[in-house]
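Q: Next come a sequence and a model predicted from it.
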Amino acid sequence: MIRRLLKVFFALAPRIIAYREFRQRILKEKPINEQEMAEEAKKLVDTLIDLGPTFIKFGQILSVRPDLMPEIYIKELARLQDEVPPAPYDQVKDVIREDLGDDVKIIKEISSASLGQVYLGEYNGKLVAIKVNRPRIRDIVSEDLQVMKKLLPLLRFVFDESFLEIIKIFIDEFSKRIFEEMDYTKEAFYLNKIKEELADYPSLKIPSVIKATKRVLVMEYIKGYKVTSDEAKKVVDEKILAYRVFRLFMYMLLSKDYFHADPHPGNIAVDDEGNLVLYDFGMSGKIDEKTRSLLIRAYVAMVRMDADLLVRVLDELGAIQPFADRRVLAKGLKLFMQSMQGIEVSELELQDFMKLADQVFFKFPLRMPQKLVLPFRMINVLDGTCREIDNNFDFVKSSIAFLEEEGYTTKVAMEQAREIIDGIWNRFRSFLLSYSQPQEIIAISNNTRRSASIIDYLPQIILVATIALYIITKDVVVTLLLILLALSLMFTSNNRR
Ligand SMILES: Nc1ncnc2c1ncn2[C@@H]1O[C@H](COP(=O)(O)OP(=O)(O)O)[C@@H](O)[C@H]1O
Ligand SMILES: [Mg+2]
């Protein structure tokens, strides 16, 4: 333990100091030598690979955190997905034999990753893919996590308090996640759930689980070409392929309970018939009904560039800091969405935005609620993968197509209309209440203008209600009745005044 601790300390300390230097320059908007930064990032990644599985995994997770890592680091960290030296078969063999007995024959190694590797094999006479933990991986990871937690307090001398807090949370989550990912019974559980959910999804293949233990996962072998490879693009046109991948993952996230949260190119393939093949359910998530519905609304708001709606939904998701000024935030988000969709932002707006930027970046008004971490990560990785398949992939355009196709836009419009009606209905009820017992209500609320203001707004309320009701019911008669009722109420109240 002490030896490991010293090794990790001396390997990482210079890299962390250099990272701090760059971070401070970025925060202070000082110029940065990009060449130097790229070299430093490369050194960091080499160090992580040298430190072994735990740190490789750590780097992989960092590679999708643009809030923690500058762009140049992120590019370099992506290398960790592919360059992992395999553990010798001799050592893995024992784990496989212990868990599967003698009915298993290994044909060849397919891939090696930080925590496990995959072999092509035969099990009970069937061609299978066998995923197996690296030897002693649990001990290695446990020890490394202890080392990390011991070293963590030292970072106090390097980073400010708030950044330290972020790192603490990151490491906490990491230590939970890494053990989950090593446990293949968990992966098998998610695989089965998602396979079931997507049973009717067209042109999609997911391997079936044949046997799962904590350390070994045996699956049906499904041959495919990596989704970003030339072979895959020969079978399916790259534009269509990128959209199909995008659609599949967004569909899981927004229409189903469980979703695959790691759309890395290595986990998606295309078979000879042009079906998509999904592997690797080690990082999957579950999303509850309410969050999902809010996510859909945030997504629609973003695509429509409706900043006010977006702020409301983000608030409901708990994604906005209590101190943030909602109006300012909405303005900032609007400009952000415009620039994302390639809409020219005028000079004046830009100046406004600069003023906002202070507030937005140094006291960041958004926060990531726990339940959004995985969805956000998924979307982030998905965007990268789709771009890698098709250089011209456009997230916003694809989103518009997808939302239309799935009927989400109408669904959200309906929900909004329903909300308007609910709101009107409530106001209407309190209006009726105040109408029947005017003295009491006024006395209680101590607000003499209350009933008058509702009456003033009644024509507008009726107009909106009528439109909304018509959208929902498409029923002319009911709509007309409501108008008549409302009008008669208005006249009686006007007469009363
Ligand atoms: N059932 C399978 N059939 C065929 N190939 C598979 C299967 N499962 C995994 N593979 C291959 O092994 C690679 C690594 O598997 P994966 O489950 O992604 O492991 P890791 O968690 O190490 O990334 C995949 O990219 C894929 O090429
Ligand atoms: Mg994988």
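A: Looks like it arrived, so ask away. Ligands and ions are numbered 1, 2, ... in the order given.

Q: tell me which element the closest residue to residue 224 other than its chain neighbours is part of?
A: Excluding the flanking residues, the one nearest residue 224 by C-beta to C-beta, 6 or more residues apart in numbering is residue 269, at 2.7 Å. C-beta here means a position set from N, CA and C on the backbone, and glycine is covered the same way. Using DSSP states H and E, residue 269 falls within strand 268-270.

Q: Show me what that strand is packed against.
A: strand 225-226, helix 230-235, strand 276-278 (3 or more C-beta pairs under 8 Å, 6 or more residues apart in numbering; DSSP states H and E).

Q: can I get those in JSON lines with distance to residue 307, mean pLDDT and mean neighbour count?
A: Shown next, in JSON lines, are those (distance: least, C-beta to C-beta, whole Å; pLDDT from 0 to 100; neighbours: other C-beta atoms under 10 Å):
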{"stretch": "strand 225-226", "distance to residue 307": "39", "mean pLDDT": "96", "mean neighbour count": "16"}
{"stretch": "helix 230-235", "distance to residue 307": "38", "mean pLDDT": "96", "mean neighbour count": "15"}
{"stretch": "strand 276-278", "distance to residue 307": "35", "mean pLDDT": "98", "mean neighbour count": "22"}
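
Q: Could you list the residues in contact with the strand holding residue 269?
A: Contact with strand 268-270 is made by 222, 224-227, 231-232, 235-236, 241, 245, 276-279, 385, as judged by C-beta atoms under 8 Å, 6 or more residues apart in numbering.

Q: mind redoing it with 10 Å?
A: Residues outside strand 268-270 that contact it (C-beta atoms under 10 Å, 6 or more residues apart in numbering): 203, 205, 222-229, 231-236, 241, 244-245, 248-249, 260, 262, 275-280, 382, 385, 389.

Q: Also stretch 400-419?
A: 243, 246-247, 250-251, 254-255, 293, 296-301, 303-304, 306, 309, 313, 341, 394, 399, 464-465, 467-472.

Q: The residue of the stretch 301-450 of the chain found nearest ligand 2: neighbour count?
A: Nearest to ligand 2 in the stretch 301-450 of the chain, going by C-beta to the ion, is residue 381, at a distance of 11.3 Å. A total of 20 residues lie near residue 381 under the criterion other C-beta atoms under 10 Å.

Q: From ligand 1, how far out is it?
A: For residue 381, the distance to ligand 1 (C-beta to the nearest ligand atom, to the nearest Å) stands at 13 Å.

Q: Give me the distance between the helix or strand encompassing that residue and the centre of its chain.
A: Following DSSP H and E, one finds residue 381 within helix 370-389. Here the centre of helix 370-389 is set off from its chain's centre by 5 Å, with C-alpha atoms, centre = their mean, to the nearest Å.

Q: Report the mean per-residue pLDDT for stretch 27-40.
A: Stretch 27-40 shows a mean pLDDT of 88.

Q: List the buried residues for it?
A: Along stretch 27-40, these residues count as buried under the neighbour rule (16 or more other C-beta atoms under 10 Å): 37, 40.

Q: again, but for stretch 192-207
A: So stretch 192-207, judged by 16+ other C-beta under 10 Å, has buried residues 192-195, 197-198, 201, 205-207.

Q: Quickly note the distance from the closest residue in space to residue 317 that isn't next to it in sequence to ligand 1.
A: Excluding its sequence neighbours, the residue lying closest to residue 317 (C-beta to C-beta, 6+ apart) is residue 294, at 5.2 Å. Between residue 294 and ligand 1 the computed distance is 30 Å (C-beta to the nearest ligand atom).

Q: host element of residue 294?
A: helix 289-304.

Q: and the stretch 1-150 of the chain, which residues reach ligand 1?
A: 110-111, 113, 116, 118, 129, 131 (C-beta under 6 Å from any ligand atom).

Q: Closest one of those to residue 22?
A: Closest to residue 22 out of these is residue 113 (28.5 Å), distances taken as C-beta to C-beta.
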